[in-house]
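> Sequence isn't available, so here's the structure alone:
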């Protein structure tokens, strides 16, 4: 689909475009001067939960995450939405309120946007942020020896699918909503503070899909330790029942050629690593000398971080 436009824009014509054309990163970055660059992104999706307010908050947190994944600080946003005309007006208001209050929590102002009518609700944000050009985090910044840290557990896709099928417990539902509405702000701030240059957020392409993007862009391999990977409390139960969104199978079909399972895995365990996440955590490649100070600082500010693996000199992803 994109092939007809691949030669319209040439990187050489845009010397201030630091990240964008040809890069697999989470947002575009445009240099303003030696101290500042503009980070620009957009994201929106259909509801993943039944409550309008939480849907709006999750969509906003997810959109903001792409700026955080680049090490940026968001400051301005626009709504982008599509709503069925028969949806009650108070539902629409609650979706927008959820997004606005989550943006305010991030110290971001929503200044307008655009809305159309559609058969299914869709909501998200266009987000602008700032980043120092020398302190960007990108998918191409991982180096062999870096330690891999994850800032949120996995299991959002299988749990939200269980919610849609009315098979999820209220406890599991509340847990996954709390994680999805959590901003990646503090995790990103820690990454910048402790010299992280390789990072991405874990969303629709799953842990292994986005990990492969990072490995490919950095020219490295990644090794994950299965027992160290965190999951939400209901994820294993729903996975064993093969309650997954369709994207999990799509991700496995597309990315599995780049993954070597050294550990013998059940099929549902593999699918959990290909499970699409909504508003997932950051995967950070931390220089080994900075890992312990970063973990200590994270504990002080109440930011969860899990050590899940390491960057290798290989050319594929390994699960051990």
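Happy to help now that I have it. The model shown is predicted, which means the values in this text are computed figures rather than measured ones.
> Residue 76 belongs to a helix?
No. Counting by DSSP: H, G, I helix; E, B strand; the rest coil, residue 76 is not part of a helix but strand.
> where's the residue lying closest to it once chain neighbours are set aside, which helix or strand?
Spatial nearest neighbour of residue 76, excluding adjacent residues (CB to CB, 6 or more residues apart in numbering): residue 128 at 4.5 Å. C-betas here are computed from N, CA, C, even on glycine. Assigned by DSSP states H and E, residue 128 belongs to strand 122-131.
> Off-centre distance for that strand?
Centre-to-centre, strand 122-131 and its host chain are 13 Å apart (CA atoms, centre = their mean, to the nearest Å).
> And for stretch 275-295?
12 Å.
> Stretch 121-128 too?
Distance, centroid of stretch 121-128 to centroid of chain: 14 Å (CA atoms, centre = their mean).
> quick check: mean pLDDT across it?
Averaged over stretch 121-128, pLDDT sits at 98.
> Quick one, grab the pLDDT at residue 21.
85.
> Please verify my assumption that it contacts residue 9.
Yes. Because the distance of 5.5 Å satisfies CB atoms under 8 Å, residue 21 is recorded as touching residue 9.
> residues contacting the residue nearest to residue 36 when sequence neighbours are not counted?
Leaving out its chain neighbours, the residue that sits closest to residue 36 by CB to CB, 6+ apart is residue 130, at 5.4 Å. Shown in contact with residue 130 (CB atoms under 8 Å, 6 or more residues apart in numbering): 36, 37, 38, 39, 72, 73, 75.
> Looking at those residues, which is nearest residue 250?
Distance to residue 250, by CB to CB, is smallest for residue 39 among the contacts of residue 130, at 28.2 Å.
> show me where the protein has strands.
Secondary structure of the chain by DSSP state E: the strands cover 17-19, 28-31, 37-45, 73-83, 109-117, 122-131, 147-150, 198-201, 221-224, 259-261, 282-286, 306-312, 317-319.
> could you dump the ones you listed to a markdown table with distance to residue 270?
Listed next are the strands of the chain as a markdown table, based on distance: least, CB to CB, whole Å:
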| stretch | distance to residue 270 |
| --- | --- |
| strand 17-19 | 31 |
| strand 28-31 | 33 |
| strand 37-45 | 24 |
| strand 73-83 | 34 |
| strand 109-117 | 39 |
| strand 122-131 | 30 |
| strand 147-150 | 18 |
| strand 198-201 | 20 |
| strand 221-224 | 12 |
| strand 259-261 | 7 |
| strand 282-286 | 18 |
| strand 306-312 | 16 |
| strand 317-319 | 8 |
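> Just grab the bridge partners of the residue nearest to residue 36 for me.
Beta-bridge partners of residue 130, counted by DSSP bridges, are residue 38, residue 73.
> Residue 4: how many residues sit nearby?
The local packing of residue 4 (other CB atoms under 10 Å) involves 7 other residues.
> and what of residue 3?
Other residues close to residue 3 by other CB under 10 Å number 6.
> try the one 5 residues further on
Taking other CB under 10 Å as the neighbour definition, residue 8 ends up with a count of 7.
> measure it to residue 21 for me?
From residue 8 across to residue 21, the span is 10 Å (CB to CB, to the nearest Å).
> ok, now residue 261?
34 Å.
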